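Asker: just coords:
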């Protein structure tokens, strides 16, 4: 199937509309594939099917009112997005945050990152035609979701950040339950390795497929595990440390190959690093208030000083940035979100040509896209 | 009419109807399906002649292999969405008349010939045929195998001659359980089976 | 059965009655088994995935498949506008035919007339290759690019995997010295160290190749690329709904059952087992048990492995399985020649 | 009409249909189908004649088997040629091909 160079001769090729209702485009992505047989000549992502104008909404709401919107940009790691908004506003307004809230945010965010990666592994393996890891991963993810639900009250679209802390404190029993979940995850990892990573079919489907070079990633602005799978050790948590991250020890797993397998491996290792962070954080969890006493809660109209400010965090998908422009009112003049999935999707036009339809699905799956986050 | 006669009639009808479909319809895929039907009918005719092994081989080769190779060739060569050019009536009539004349002549020839009655009882065991193939007719048998091998190699060479020398390496996966990623001759190899 | 036979023998004649009883019996037998098989697949899948599978309809969900069939019966049959209508409607019917014929040729016990055919094995191999034509018809007539891709994949796959299956079957035929399936089972088995063993023991490589081949021929995971739902939505049956889809679904499981039975007959000794000579009714039971063993391994593989890519699948067949099967055939011939 | 004649009649009809198709059709594949039909008629003739008249029937079987083998080889070569022609000329319509001489 791979002996012929791709041609764009219209007599040799045809177009295939993959999506927006296709089982493995993960939401409402439409891929316009030009195929020669089963070989992809060009791949063009068509986006915008779940555009909800989040940026425009931000301009019409107070900072507190916009809080629930944030986790709806990326419903899989909503906690991280929620805290990013809170922290961006705190930084601009100069609101102090108690120690306990800072560490608790790290714990919750890292749990959310693990949940997101678990879901990704399941969905990715489903793309490769293996339905069983999906249910295994969801079982584990469910344990994390229960834990997060007990703290925040919601399963996916969290809004538990408050300017100056958290909406609710971690209860006294939380560390024990968190350690239980971690023990469960730890027990499962060898099983995943045997089921997925050591599987000869999986290795053949993943190794050497969809290679993204460092330069391609750089020129498209790819970040997150996809970038680290191409050998660039860029992680916002290390590059521009924020919150309580500087006080914890963890590594940035990278792999030089840049193929589907590298991206898989990086995410799996990242989950282990996240567990490492959570354990340190649980050990160091300070007492004290979870919300700065007398601070500005959600009820008061918060006004930010005039100015412009950029704040970035490492989401489960990569570099998530918030650009806030304030004119001193209760609502932002402009809020621009730099979401990681957008460039991660754009780079696929480079990775897909020359591969087969089955590879396209694998590559698409390996970049871990969340379409509402691309469209916003 | 006895059972053999019934089967004979059915099989003959299948063969002829299939052949008509294979030639008359405009859609090439329908032609191939008609051809397969016709071969099934032909196999039925062989069955009534007591040549059951031959019937099985006919289906195996023509329906299982040749028809499918044709389907593949169609897929690789026919643009699917091009409307067929209208057929000229004169040409159709001419071809039909000419074919009819030839067939009629042949039929008259066959009718006129005197066929001797069978020399002995119908002995059509596959074992006997197989034995003959590797004893009396071993030369023909070997020639056929050589021909098939040559045809296969030839088919592979012809089908890959255009782009084969520009093998691509981008994105090819490393060895899978002892088998590297792509096999250039696969498509043609099937055709030659 | 004999009373029914006598009743039917009047108007139809002996052969016709046998045929009718045989066809009805085999249809019923297959339908029942396929219903059970679908339930079994769900249960196997469930337990492999740490869940229970169907539990609601009937005890342990045994009637779930029946409920699903009823649901599918009630669904609207959609026919897309631009289909090749005749072929589109014919394909789901045709996909059954070869499998049904093959099913009638597999010996269930000592007294089954159909199975006592001189070239039974060759006929089975021939017929089981024909399902692919129906699958291709379905894919092509749907006038959908995913369906065409699925149909093409299916054709290439079945053509490629038929060869190793045929070669593996031939090695057994060499050892057994017959292509009559009934004789294959009843003939004295080969002896290994004085103990009679089924052919699977003396031909282990052929058994493995045959198993891989039938997994691919039935489009089962990890070789389910013709219908790979994550790539081709539904492959060749994308455009089929309701009962027409159910026909394809049913045909897949029938095929699985029949080829599993063939594998059991060839390599595991078919209906033979302890005390089977004394109690003939045990024959079908033994065959079923062996068939379900084969089928269970197929299910186990399906719920464990990811799917192969198309080119990997082809190179696996052409570069590994076929040479291995050929080598096995030659080795069998040489060993038999030395022993003789 | 004897049974033998019935077979021969079917063979003649098949041959005629094949011939008609060969003259009528413009697609190379359709022409190949017609050719194969004519070959099938020939092997039916051989088998019928040897089975129902004269020589030993296994001779007819051998001839028919060889015919099938030759036809399969021919089909393989022809189909691969068609694919190659299609790649070069973007058509396997004989009338298009005759316009592209040289």
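Answerer: Received the coordinates, thanks. The structure displayed is predicted, hence computed values, not measured ones.
Asker: So residue C:81, which state does it fall into?
Answerer: coil (DSSP: H, G, I helix; E, B strand; the rest coil).
Asker: burial measure for residue D:6, as a count.
Answerer: Residues within reach of residue D:6, counting by other CB atoms under 10 Å in any protein chain shown, total 18. Every residue, glycine included, has its C-beta placed from N, CA and C.
Asker: residue contacts, it?
Answerer: B:8, B:12 (CB atoms under 8 Å, 6 or more residues apart in numbering or on different chains).
Asker: next SSE after whichever strand or helix holds it?
Answerer: For residue D:6, the host element (DSSP states H and E) is helix D:3-24. Downstream of helix D:3-24, the next assigned helix or strand under DSSP H and E is helix D:28-52.
Asker: where along the chain do the strands fall?
Answerer: Going with chain A. Here chain A has its strands, by DSSP state E, at A:14-18, A:30-36, A:39-46, A:161-162, A:165-166, A:307-314, A:319-326, A:334-338.
Asker: not quite, I wanted chain C
Answerer: In chain C, the strands defined using DSSP E lie at C:191-192, C:195-196.
Asker: Just send those strands back as JSON lines, with mean pLDDT too.
Answerer: Shown next, in JSON lines, are the strands of chain C (pLDDT from 0 to 100):
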{"stretch": "strand C:191-192", "mean pLDDT": "74"}
{"stretch": "strand C:195-196", "mean pLDDT": "76"}
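Asker: would you turn these into TSV with mean neighbour count?
Answerer: TSV is the format used below for these (neighbours: other CB atoms under 10 Å in any protein chain shown):
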stretch	mean neighbour count
strand C:191-192	10
strand C:195-196	10
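Asker: nearest to chain A, of those strands?
Answerer: strand C:191-192 (31.3 Å; CB to the nearest CB).
Asker: at contact distance from chain C, anything in stretch A:116-133?
Answerer: Yes - for stretch A:116-133 and chain C, the contact criterion (CB under 8 Å from any CB of the partner chain) is met by A:125, A:126, A:127, A:128, A:129, A:130, A:131, A:132.
Asker: ok, the third one touching residue A:24?
Answerer: Just to be clear, that refers to residue A:127. Yes - the pair residue A:127 and residue A:24 qualifies as a contact (CB atoms under 8 Å) at a distance of 4.7 Å.
Asker: Between the two, point out the one with more neighbours.
Answerer: Higher neighbour count among residue A:127 and residue A:24: residue A:127, with 28 against 24, using other CB under 10 Å.
Asker: what about the closest residue to chain C within chain D, distance to chain A?
Answerer: Nearest residue of chain D to chain C: residue D:76, at 12.5 Å (CB to the nearest CB). From residue D:76 across to chain A, the span is 19 Å (CB to the nearest CB, to the nearest Å).
Asker: Which of the helices or strands spans that residue?
Answerer: helix D:57-89.
Asker: Could I get the average pLDDT for that helix?
Answerer: Averaging pLDDT along helix D:57-89 gives 80.
Asker: repeat for stretch C:242-249
Answerer: Regarding stretch C:242-249, the rounded mean pLDDT is 83.
Asker: Below-threshold pLDDT in chain A: ranges please.
Answerer: Residues of chain A meeting the criterion pLDDT under 70: A:1-12, A:25, A:294-300.
Asker: from it, which residue is nearest to chain C?
Answerer: As assessed by CB to the nearest CB, chain C sits closest to residue A:129 within chain A, at 2.6 Å.
Asker: Contacts only, for the residue minimising distance to the centre of chain D.
Answerer: Centroid-nearest residue in chain D: residue D:36, 2.2 Å away (criterion: CA atoms, centre = their mean). Listed by CB under 8 Å, 6+ apart, the contact set of residue D:36 reads B:35, B:62, B:66, D:18, D:71, D:75.
Asker: roughly how far apart are it and residue C:271?
Answerer: Applying CB to CB, to the nearest Å, the value for residue D:36 to residue C:271 is 41 Å.
Asker: ok, now residue C:286?
Answerer: Distance from residue C:286 to residue C:271, by CB to CB: 5 Å.
Asker: Quick one: residues contacting residue C:60.
Answerer: Contact partners of residue C:60, counting by CB under 8 Å, 6+ apart, are C:43, C:54.
Asker: pLDDT value on it, please?
Answerer: 83.
Asker: List the contacts of residue A:44.
Answerer: Counting by CB under 8 Å, 6+ apart, residue A:44 has contacts A:31, A:32, A:33, A:349.
Asker: From those residues, pick the one nearest residue C:187.
Answerer: Distance to residue C:187 across the contacts of residue A:44 (CB to CB) is lowest for residue A:33, with 55.0 Å.
Asker: Can you give me the neighbour number for the nearest residue to the closest one once chain neighbours are set aside?
Answerer: Setting aside the residues directly before and after it, residue A:33 is nearest to residue A:16 in space (CB to CB, 6 or more residues apart in numbering or on different chains), at 4.6 Å. Neighbours of residue A:16 under the rule other CB under 10 Å: 20.
Asker: And residue A:16, how far from residue A:146?
Answerer: Relative to residue A:146, residue A:16 is positioned 41 Å away (criterion: CB to CB).
Asker: cool, and residue B:23?
Answerer: 69 Å.
Asker: Between the two, which has more neighbouring residues?
Answerer: Neighbour totals were compared for residue B:23 and residue A:146, and residue B:23 leads with 25 against 12 (other CB under 10 Å).
Asker: thought that one was touching residue D:15?
Answerer: No - with contact defined as CB under 8 Å, residue B:23 does not reach residue D:15; the gap is 11.8 Å.
Asker: tell me, what's touching those two both at once?
Answerer: Contact criterion CB under 8 Å, 6+ apart; residues shared by residue B:23 and residue D:15: residue D:37.
Asker: From what I see, the residue nearest to residue A:33 and residue C:147 are in contact.
Answerer: No - applying CB under 8 Å as the test, residue A:16 and residue C:147 come out as separate, 11.7 Å apart.
Asker: mind checking pLDDT for the residue nearest to residue C:147 when sequence neighbours are not counted?
Answerer: Nearest non-adjacent residue to residue C:147, counting by CB to CB, 6+ apart: residue C:139, 4.3 Å away. At residue C:139, the predicted lDDT confidence score is 83.
Asker: any idea how far residue C:107 lies from residue A:144?
Answerer: Residue C:107 is 55 Å from residue A:144, by CB to CB.
Asker: With residue A:150 instead?
Answerer: 11 Å.
Asker: Settle it for me: which of the two has more neighbours?
Answerer: Higher neighbour count among residue A:150 and residue A:144: residue A:144, with 22 against 14, using other CB under 10 Å.
Asker: which non-adjacent residue is nearest the more buried one?
Answerer: Of all residues not flanking residue A:144 in the chain, residue A:115 sits nearest, at 4.4 Å (CB to CB, 6+ apart).
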